[in-house]
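>>> below is the structure, and that's it, no one-letter string:
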């Protein structure tokens, strides 16, 4: 995992039960799952909106959620990961149009 740009980061969806929702999962420390209730709103959001309630942040180890700084770092990593994930998806879909 050392050579990965975003180790422990996953983009999750369940289009059968929740077609408009996606999640971001971080399996490092502190472990975190971020539920994005409306993917449409999320695509056009800012980092500040992400932090201030657009998404639902769930720390998966309530007895050890890490420090505030560690939590902020995880959320920053997930935000950057999601932006890069979106770019890669756009590139992939763009290649199918040719």
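Nice, thanks for sending it over. In this text, all values refer to a predicted model and were calculated from it rather than measured experimentally. Residues are numbered from 1 along each chain as shown.
>>> neighbours of residue 47, just the number please.
By the measure other CB atoms under 10 Å, the count of residues near residue 47 is 13. Every residue, glycine included, has its C-beta placed from N, CA and C.
>>> how much space between it and residue 19?
25 Å (CB to CB, to the nearest Å).
>>> buried stuff in stretch 71-86?
With burial defined by 16 or more other CB atoms under 10 Å, the residues of stretch 71-86 counted as buried are 74-75, 77-79, 81-82, 85.
>>> which residues are contacting stretch 4-15?
For stretch 4-15, contacts defined as CB atoms under 8 Å, 6 or more residues apart in numbering pick out 1, 21-28, 77-78, 80-82, 84-85.
>>> need the max-distance pair from those residues.
1 and 21 (27.2 Å; CB to CB).
>>> compare neighbour counts for the two and give me the winner.
residue 21 (17 against 8).
>>> do you know the pLDDT at that one?
Here, the pLDDT recorded for residue 21 equals 92.
>>> what of residue 2?
Residue 2 is given a pLDDT of 60.
>>> same deal with residue 61?
So, for residue 61, pLDDT stands at 94.
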